[in-house]
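Asker: coordinates for the following, if possible.
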Amino acid sequence: MPVSGVRLARTSDVDEIAAVNVSSWRARLSDLVPDAVLSALDPADLAMTWASAILNPPMAGQRVLVAVDEDRVVGYAAWGPCLDPDADPMTGELLALEVDPARQREGHGSRLMAAAVDLGRSAGVGGAVTWIQLADEPRRAFLLASGWGPDSAYRDVQVGADMNSEAILVREVRLVTGLDSD
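Answerer: Below you'll find the model as predicted:
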């Protein structure tokens with residue numbers, strides 16, 4: 001019987017996670033990140049990164065979740081402790097949240113976020129942060145509707161280099177939410 005829902009990622013999921021990673025970034029970031037950077041993304045390279053994140057998380061408490069529909073990975077989320085220098089030690093971070101563009105608006109993103117927040121709550125975390133590209137209005141709208149809000153922090157992230165080896169930067173803003181159970 002096919003399985004649907006959200007569960008912890010397994011190493012057998014890494015190829016599908018990487019495929020979702022690449023397709024979602026190409027669709028979502030096409031107006032924000034240069035085409036050369038997006039076209040250079042290789043699912044095989046990302047699969048190795050995801051395998052490492054699942055088998056040997058870089059931080060204690062980091063977890064990767066997947067949304068599955070009929071046993072196929074259609075999205076993923078990564079959760080871990082927040083390492084921002086101004087963060088309280090009991091702050092978690094939604095490190096990643098992506099859904100296959102062909103499977104969006106089916107509730108997978110909401111289920112992934114809820115499961116990630118539940119991980120934080122079970123670890124006793126009281127608040128969470130996530131970083132989004134400043135110009136990513138659909139993602140911002142999704143997060144705002146889910147109870148997240150900006151806290152005025154921002155950062156510039158290098159996403160590649162141009163033909164002259166100059167850094168290509170994307171501005172990100174931080175959103176925060178409380179995880180208190182009601």
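Asker: can you give me the end-to-end distance of stretch 49-60?
Answerer: One end of stretch 49-60 sits 17 Å from the other (Cα to Cα, to the nearest Å).
Asker: which of the residues in the lowest-mean-pLDDT helix or strand in the chain are buried?
Answerer: Lowest on mean pLDDT, DSSP states H and E among the helices and strands of the chain sits helix 35-39, with a mean of 85. Within helix 35-39, the residues scored as buried using 16 or more other Cβ atoms under 10 Å are 37-38. The C-beta positions use only the backbone N, C-alpha and C, and glycine is treated the same way.
Asker: then stretch 73-93?
Answerer: Using 16+ other Cβ under 10 Å as the burial criterion, the residues of stretch 73-93 that qualify are 73-82, 87, 91-93.
Asker: could you identify the most distant pair in those residues?
Answerer: Greatest spatial distance among the buried residues of stretch 73-93 (Cβ to Cβ): Val74 and Ala87, at 30.6 Å.
Asker: give me the element the spatially most distant residue from the centre of the chain is part of.
Answerer: Farthest-out residue of the chain from its mean C-alpha position, per Cα atoms, centre = their mean: Asn164, at 30.2 Å. If you go by DSSP states H and E, Asn164 is not part of any helix or strand.
Asker: what about stretch 135-152, distance to the chain center?
Answerer: On the basis of Cα atoms, centre = their mean, to the nearest Å, stretch 135-152 is displaced by 13 Å from the centre of the chain it belongs to.
Asker: ignore what I typed, I meant stretch 18-32.
Answerer: The answer for stretch 18-32 is 12 Å, by Cα atoms, centre = their mean.
Asker: how about residues contacting stretch 124-135?
Answerer: 29, 31-32, 81-82, 84, 87-88, 90-95, 97, 117, 120, 139-140, 143, 148, 151, 154-155, 170-180 (Cβ atoms under 8 Å, 6 or more residues apart in numbering).
Asker: end-to-end on that stretch?
Answerer: Termini of stretch 124-135 sit 32 Å apart (Cα to Cα).
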